[in-house]
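Participant: can you look at this prediction? I've put the sequence above it.
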Amino acid sequence: MATTDTRALALDATSAADLEASGLEYALVPADHEGFEPFLRAVSRGFLGEDPSADEVESARRALTPRRLTGVFDRSGVAPESPVATVDSWATELTVSPGRTIPLWSISAVTVAPTHRRRGIARAMLTGELRTAAAAGFPLAGLTVTEATIYGRWGFSPAAWASDVVVDTRRARWTGPVAPGRLDFVSRESLPERLSRVHERVRLERPGSVPGWEGRWRGVAGLTPDAKDGNKVRAVSYRDAAGEERGILVYTLDPGPNDDYSAHVLSVRALFADGDEAAAALWRFAIEHDLVGEVKASLQPAVPPVQWMVADRRAVTATLTDHHWLRILDVPAALSARRYARALDVVLRVEDPLGFADGAWSLRVDADGVAEVDAAPESRDVDVELSVGALSSLLLGGARARELAAAGLVRGSAQALAALDAAFVPDVAPLLDIWY
């Protein structure tokens, strides 16, 4: 499924008709077409960025060529070749349990021009994406968001959280493990391959993770034309005692408050560690770096292990944020893909206004954590009622049914909710460690 060429799939007829009724055109924009540059400019405008240079356009073209790029056009406007709304999607996969993945329809670059708001454009684009994904057999759709109030109306909900971590190095005396391997500086040019290799091992063991891609790694390395601080990027590699590369830290250094030369800020662009040993080695390097007063790192685990590696845990501040939003399209496929912690036998009544996941579903998990999911017979009573968004949040084990019940998002007996929570406990806390 992740090998599906989403560019070859037809545009959703319902969305096309809805937009046409509003005088708008719904169209695919191939990356090798002359319409790509106006598309990219519209995306940049939507995220309040600068107009891309010619080099930036070509760099983006190479990165986005495999993607399905869709625009909404107002052909009666003064710039008919420039889309008034954009969306970018592609086939990938999501890790749902260590070593287990499921096809994922990834969505990005969702923009609507301020001149065309409140005309149903976002609704047409997002429902069109979901119908296209479901028709192609994708059990899940996912995205990362800049605004948390938009996507819930279409059934998306947070399923993996991340922390923005700040470490006060002057208080954080290292007390964590001493790694037996070695650290070496590595060139920026070597980073895309190194990052890809390490991250691929890491993401297969971490629920909530997706594969990276060359354009992402080149951006982290500061090798893309839009990398204003590319020359500041530095990186170290950790190799274990056997000589195997197990981790990569990519970072920049900036002057601290009041230009205090002894208190630079070390900003982590990526820290990927295949195992606890590599994680400890890379965090220690960052915290004990000369002339650094503060270390900042985003997209870290919800409860960052580094806080247990220093003498003063209050030297580590972690600000939690929702990061990976999922939307279940096929309940049996989504729920049967992961491994469960305990046996379970419940009937879930899922409410989905868009219809994809709506219905009563029998979820049976055996003693080995393997699930079977089918439409529930009418003779079975419903144990738990919930929205498709709530089920999407529960999928990876990043949220608890009893917490969602307290918010009125899940309904069921205390016994049923406790059984659900016990079964859905993940082997590893879910995390998405990149943006997409």
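Facilitator: Yes, it's here. Every value quoted in this text rests on a predicted model; they were computed, and no experiment measured them.
Participant: and the residue nearest to Asp240 when sequence neighbours are not counted, how far from Glu277?
Facilitator: Closest residue in space to Asp240, ignoring its immediate chain neighbours: Gly181 at 4.3 Å, by CB to CB, 6 or more residues apart in numbering. C-betas here are computed from N, CA, C, even on glycine. Shown here: Gly181 relative to Glu277, a distance of 7 Å by CB to CB, to the nearest Å.
Participant: output stretch 5-22 as CSV, nothing but the C-alphas.
Facilitator: Provided in CSV are the C-alpha atoms of stretch 5-22 (Å, rounded to 0.1, in the frame of the first residue of the first chain):
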residue,chain,number,x,y,z
ASP,A,5,1.4,6.1,-6.6
THR,A,6,-1.2,8.6,-5.3
ARG,A,7,-0.5,10.8,-8.3
ALA,A,8,-2.3,8.3,-10.5
LEU,A,9,-5.6,8.3,-8.5
ALA,A,10,-8.5,10.2,-9.8
LEU,A,11,-9.7,13.4,-8.2
ASP,A,12,-12.7,13.0,-5.9
ALA,A,13,-15.8,13.7,-8.0
THR,A,14,-17.9,15.0,-5.0
SER,A,15,-15.3,17.6,-4.1
ALA,A,16,-14.8,18.6,-7.7
ALA,A,17,-18.6,19.1,-8.1
ASP,A,18,-18.9,21.1,-4.8
LEU,A,19,-16.0,23.4,-5.8
GLU,A,20,-17.3,23.8,-9.4
ALA,A,21,-20.7,24.9,-7.9
SER,A,22,-18.8,27.7,-6.2
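Participant: mind listing what's buried in that stretch?
Facilitator: Thr6, Arg7, Leu9, Asp12, Ser15, Ala16, Asp18, Leu19 (16 or more other CB atoms under 10 Å).
Participant: how about those, which pair is most distant?
Facilitator: In terms of CB to CB, the buried residues of stretch 5-22 reach their longest pairwise distance at Arg7 and Asp18, which sit 22.2 Å apart.
Participant: so where do the helices sit in the stretch 101-250 of the chain?
Facilitator: Taking DSSP state H, counting those that start in this stretch as the criterion, the stretch 101-250 of the chain contains helices spanning 121-135, 191-203, 214-220.
Participant: who wins for proximity to Gly46 among those?
Facilitator: In terms of CB to CB, the element of those nearest to Gly46 is helix 121-135, at 11.2 Å.
Participant: in terms of secondary structure, what does the closest one contact?
Facilitator: Contacts defined by 3 or more CB pairs under 8 Å, 6 or more residues apart in numbering; DSSP states H and E place helix 121-135 against helix 13-21, strand 68-73, strand 85-97, strand 100-112, strand 140-144.
Participant: one step back: list residues touching both of Gly181 and Glu277?
Facilitator: Applying CB atoms under 8 Å, 6 or more residues apart in numbering, one finds that Gly181 and Glu277 are jointly contacted by Tyr238, Asp240, Arg246.
Participant: related to what we said a few turns ago, switch the helices and strands packed on helix 121-135 over to JSON lines; also include mean pLDDT and distance to Ala302.
Facilitator: Listed next are those as JSON lines, based on pLDDT from 0 to 100; distance: least, CB to CB, whole Å:
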{"stretch": "helix 13-21", "mean pLDDT": "98", "distance to Ala302": "35"}
{"stretch": "strand 68-73", "mean pLDDT": "98", "distance to Ala302": "31"}
{"stretch": "strand 85-97", "mean pLDDT": "98", "distance to Ala302": "16"}
{"stretch": "strand 100-112", "mean pLDDT": "98", "distance to Ala302": "21"}
{"stretch": "strand 140-144", "mean pLDDT": "98", "distance to Ala302": "15"}
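Participant: hmm, back to that, tell me who's in contact with the residue nearest to Asp240.
Facilitator: For Gly181, counting by CB under 8 Å, 6+ apart, the contacting residues are Tyr238, Arg239, Asp240, Ala241, Arg246, Glu277, Ala278, Ala281.
Participant: ok, now Pro139?
Facilitator: Neighbouring residues of Pro139 by CB under 8 Å, 6+ apart: Ile102, Pro103, Ile328, Leu329, Asp330, Ala333, Ala334, Ala337.
Participant: cool, and Gly256?
Facilitator: Applying CB under 8 Å, 6+ apart to Gly256 gives the contacts Ser262, Ala263, His264, Val265, Gly293, Glu294.
Participant: from Leu344, how far out is the residue nearest to Arg400 when sequence neighbours are not counted?
Facilitator: What sits nearest to Arg400 in space, not counting adjacent residues and going by CB to CB, 6+ apart, is Asp421, at 5.0 Å. In this view, Asp421 and Leu344 are 10 Å apart by CB to CB.
Participant: repeat that for Ile328.
Facilitator: Computed as CB to CB, the Ile328 to Leu344 distance reads 17 Å.
Participant: likewise for Gly77?
Facilitator: With distances taken as CB to CB, Gly77 is found 54 Å from Leu344.
Participant: the two: who's more crowded?
Facilitator: Here Gly77 and Leu344 are compared on neighbour count by other CB atoms under 10 Å; more neighbours surround Leu344, at 19 against 14.
Participant: phi, psi of that one?
Facilitator: When quoted as degrees, to the nearest 10, the phi and psi of Leu344 stand at phi -160, psi 140.
Participant: confirm for me that Val388 is in contact with Gly355.
Facilitator: No. Because the distance of 9.7 Å does not satisfy CB atoms under 8 Å, Val388 is recorded as not touching Gly355.
Participant: most packed of the helices and strands packed on helix 121-135?
Facilitator: Neighbour counts (mean count of other CB atoms under 10 Å) averaged over each of the helices and strands packed on helix 121-135 peak at strand 68-73, with a mean of 26.
Participant: contact partners of that one?
Facilitator: Outside strand 68-73, the residues within contact range by CB under 8 Å, 6+ apart are 6-7, 9, 11, 19, 24-31, 35-36, 39, 42, 80-90, 109, 112, 116, 121, 124-125, 128.
Participant: tell me who's in contact with Asp260.
Facilitator: With contact set as CB under 8 Å, 6+ apart, Asp260 has these partners: Gly293.
Participant: tell me the pLDDT of the nearest residue to Leu183 once chain neighbours are set aside.
Facilitator: Of all residues beyond its chain neighbours, the one nearest Leu183 is Val236 (5.0 Å), with distances taken as CB to CB, 6+ apart. In this prediction, Val236 carries a pLDDT score of 98.
Participant: quick check: domain ranges of the protein?
Facilitator: Taking automatic domain parsing as the domain assignment, the ranges for the chain are 6-138, 163-322, 331-424.
Participant: mind putting those in JSON lines, distance to Trp154 included?
Facilitator: Shown next, in JSON lines, are these (distance: least, CB to CB, whole Å):
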{"stretch": "domain 6-138", "distance to Trp154": "5"}
{"stretch": "domain 163-322", "distance to Trp154": "16"}
{"stretch": "domain 331-424", "distance to Trp154": "7"}
